[in-house]
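Enquirer: Need a 3D model of the following:
(chains A and B)
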Amino acid sequence: MSAEMPVQGVPQGVPQGVPFLPMVRTLGLISLVCGFAVTLAYQWTKPYVEENQRVTTERAVLAVLPQAVTQKAFVLGERGVAPAAADSPAEDVVYVGFDAAGKVVGIAARGASRGYADLVHIMFSYDPACECINALKVTKMNETPGLGDTVLRDPSFKRNFEALDARVNAEGTALANRIVTVKHGTKREAWQIDAISGSTVTSKAIGRGLDQSAQRLVPRIRRHLAELERAGP
Amino acid sequence: MSLSSKEEPLTLDTFVRGIWKENPVFVTVLGMCPTLAVTNSATNALSMGAATLFVLLCSNVLVSMLRKSIPKQVRIAAYIVVIASFVTVVDYAIQAISLQVYEALGAFIQLIVVNCIILGRAEAYASRQTVLNTAVNSVGTGIGFTLALLCLGVVRELLGAGTLFGARILPEQFQPWVLMLLPAGGFFVLAGWLLLIDWMNIRKERRALEQQGATVHGQ
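Expert: A predicted model of the protein is given here:
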């Protein structure tokens, strides 16, 4: 038989002498066993992973809304308010905190922006009474230890978020003033964030993430505040 | 079919060699990416070591079970599929156990797939040895890897943060060496451990030679 002629039962392109059927059989068996193991692990761990995510979110919400006894997630879409589902777009979700009497004590939302090493994820709370952002927590980041991570500890940086101006404009479409991070020691306005010297990139990432999320959600919160208050815990 | 090689008897050395004589980090210097990247804390080091031990054990046992039916032409593809599946399983398991640890280890959990310790053991040992031998050897190698990561993680966390497994050990007055938590710190600590182990081995060899010499002179 010439080298060019295909062997019966062996597809063209497979070198002669290679056991075709045993290869397919073995790889098929391995794929079957591995596929079964992966599916089983996914099904078994799914409820635990979801519970971990729920607990992590709840802790972050309660960290920025310490007066809240309970919290509930809603989607603030263009059409109105709806309870959040697992597949709801994360950028439209807000967490409403309620006290023991069922009264709204604040509204928390997520934000994220690129820092020095990776995305810096934040959770902040908005107080409708003062129209300001009154707490912020960094929920996830991989910034340089000793430099970027000082945003987690620096008390003067934390003071930026005690009453950060987040009023909406006259049309109710966006914030009246963009939230911006300014160089350390140059903060003049209530909507500015005083950066940490030596941690400017991370400070700016927090300011950017906060501004993007607040520009999107705060006008909607103002529009649907009555509905959120009526929704109850 | 599988690579032909003589099966070795099961001895204590089958277990111990991966911990000391053939330690994957300090002797064969394999798996350097996770070794340097995730050992900035003892918790991360222990979690990565445990995850690698699980994947090493499960994948190598499966490879050993199938060693006579895996054609040599597709053995690497088969090993990678097996290893990747167990890495996916361990990825889900860590998410279920602790999201904090999962986020700290980041992409290095998925990168266990290409950890040369596991593929190396599958090719050099599991594909030639019995299931029992493979299981014992994999556990030994996994423990050796975990201990090596812990050696780095403990020193880096102590010097870089003054804590151990998150609990404060050094006094508040201690100024942390932040460098130890950075990648450069990983290289420094690894170099220190390699130096120490090399020095111990050289000293042991010198003593053995001295004893040999004394015996010859004494004759």
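Enquirer: Which strands and helices lie in contact with the longest strand that chain A contains?
Expert: Using DSSP state E to define each element, chain A has its longest strand at strand A:104-114. The contact analysis (3 or more CB pairs under 8 Å, 6 or more residues apart in numbering or on different chains; DSSP states H and E) places strand A:104-114 against helix A:20-64, strand A:93-98, strand A:119-127, strand A:132-140, helix A:200-223, helix A:225-231. For every residue, glycine as well, the C-beta is placed using N, CA and C.
Enquirer: And the first one, what does it pack against?
Expert: Helices and strands in packing contact with helix A:20-64 are listed as strand A:70-77, strand A:93-98, strand A:104-114, strand A:119-127, strand A:132-140, helix B:75-97, helix B:99-105; criterion 3+ CB pairs under 8 Å, 6+ apart.
Enquirer: and the angle from the longest one to helix A:20-64?
Expert: So the one you mean is helix B:75-97. 20 degrees (axes from the mean of the first three to the mean of the last three CA atoms, to 10 degrees).
Enquirer: any idea which element the residue nearest the centre of chain B lies in?
Expert: Centroid-nearest residue in chain B, with CA atoms, centre = their mean: B:Phe145, separated by 1.9 Å. Using DSSP states H and E, B:Phe145 falls within helix B:131-161.
Enquirer: Looking at the helices and strands packed on helix A:20-64, which is nearest to B:Ala191?
Expert: Closest to B:Ala191 of these, according to CB to CB: helix B:99-105, at 23.5 Å.
Enquirer: got a markdown table for the helices and strands packed on strand A:104-114, with mean pLDDT too?
Expert: Formatted as a markdown table, those follow (pLDDT from 0 to 100):
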| stretch | mean pLDDT |
| --- | --- |
| helix A:20-64 | 92 |
| strand A:93-98 | 92 |
| strand A:119-127 | 94 |
| strand A:132-140 | 93 |
| helix A:200-223 | 93 |
| helix A:225-231 | 84 |
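Enquirer: want to throw these into TSV with mean neighbour count?
Expert: What follows is the helices and strands packed on strand A:104-114, written out as TSV (neighbours: other CB atoms under 10 Å in any protein chain shown):
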stretch	mean neighbour count
helix A:20-64	15
strand A:93-98	23
strand A:119-127	23
strand A:132-140	20
helix A:200-223	21
helix A:225-231	14
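Enquirer: wait, what's in contact with B:Phe165?
Expert: Counting by CB atoms under 8 Å, 6 or more residues apart in numbering or on different chains, B:Phe165 makes contact with B:Ser41, B:Ala42, B:Thr43, B:Glu157.
Enquirer: Who wins on neighbours among those?
Expert: Neighbour counts for the contacts of B:Phe165 (other CB atoms under 10 Å in any protein chain shown) peak at B:Glu157, which has 25 neighbours.
Enquirer: Around chain B, pick out the residues from chain A.
Expert: By the rule CB under 8 Å from any CB of the partner chain, the part of chain A lying against chain B is A:18-19, A:22-23, A:25-27, A:29-31, A:33-35, A:37-38, A:41-42, A:44-45, A:48-49, A:52-53, A:56, A:140, A:142, A:144-146.
Enquirer: one more time with 6 Å, if that's ok
Expert: Residues of chain A lying near chain B by CB under 6 Å from any CB of the partner chain: A:18-19, A:22-23, A:26, A:30, A:34, A:37-38, A:41-42, A:45, A:48-49, A:52, A:56, A:145-146.
Enquirer: tell me which parts of chain B are close to chain A?
Expert: Residues of chain B lying close to chain A by CB under 6 Å from any CB are B:69-71, B:73-74, B:78, B:81, B:85, B:88-89, B:92, B:95-96, B:99, B:178, B:181.
Enquirer: Of those, which is the nearest to B:Leu36?
Expert: Taking CB to CB as the measure, B:Leu36 lies nearest B:Leu181 of those, at 12.0 Å.
Enquirer: mind checking pLDDT for the closest one?
Expert: Looking at B:Leu181, its pLDDT is 90.
Enquirer: Equivalent analysis for the one 10 residues further on, please.
Expert: In the predicted model, B:Ala191 carries a pLDDT score of 96.
Enquirer: Buried residues of the helix or strand hosting it, list them for me.
Expert: Following DSSP H and E, one finds B:Ala191 within helix B:183-218. For helix B:183-218, the neighbour count (16 or more other CB atoms under 10 Å in any protein chain shown) marks B:Gly185, B:Gly186, B:Phe188, B:Val189, B:Leu190, B:Trp193, B:Ile197 as buried.
Enquirer: which residues touch the second one?
Expert: What that stands for is B:Gly186. Residues counted as contacts of B:Gly186 (CB atoms under 6 Å, 6 or more residues apart in numbering or on different chains) are B:Leu36.
Enquirer: do B:Val154 as well
Expert: B:Ala42.
Enquirer: next one: B:Leu99
Expert: The neighbourhood of B:Leu99, defined by CB under 6 Å, 6+ apart, consists of A:Asn52, A:Thr56.
Enquirer: Can you check the pLDDT for it?
Expert: Listed pLDDT for B:Leu99 reads 89.
Enquirer: roughly how far apart are it and B:Arg207?
Expert: Per CB to CB, to the nearest Å, B:Leu99 is found 50 Å from B:Arg207.
Enquirer: residue ranges with poor pLDDT in chain B?
Expert: Filtered on pLDDT under 70, chain B yields the residue ranges B:1-5, B:216-219.
Enquirer: Recalculate using a threshold of 80.
Expert: Within chain B, the ranges that satisfy pLDDT under 80 run B:1-6, B:106, B:214-219.
Enquirer: Just give the nearest non-adjacent residue to the residue sitting nearest the centre point of chain A, would you?
Expert: Most central in chain A under CA atoms, centre = their mean is A:Arg110, positioned 5.3 Å from the mean C-alpha point. The shortest distance from A:Arg110 to any non-neighbouring residue, by CB to CB, 6 or more residues apart in numbering or on different chains, is to A:Met123 (5.7 Å).
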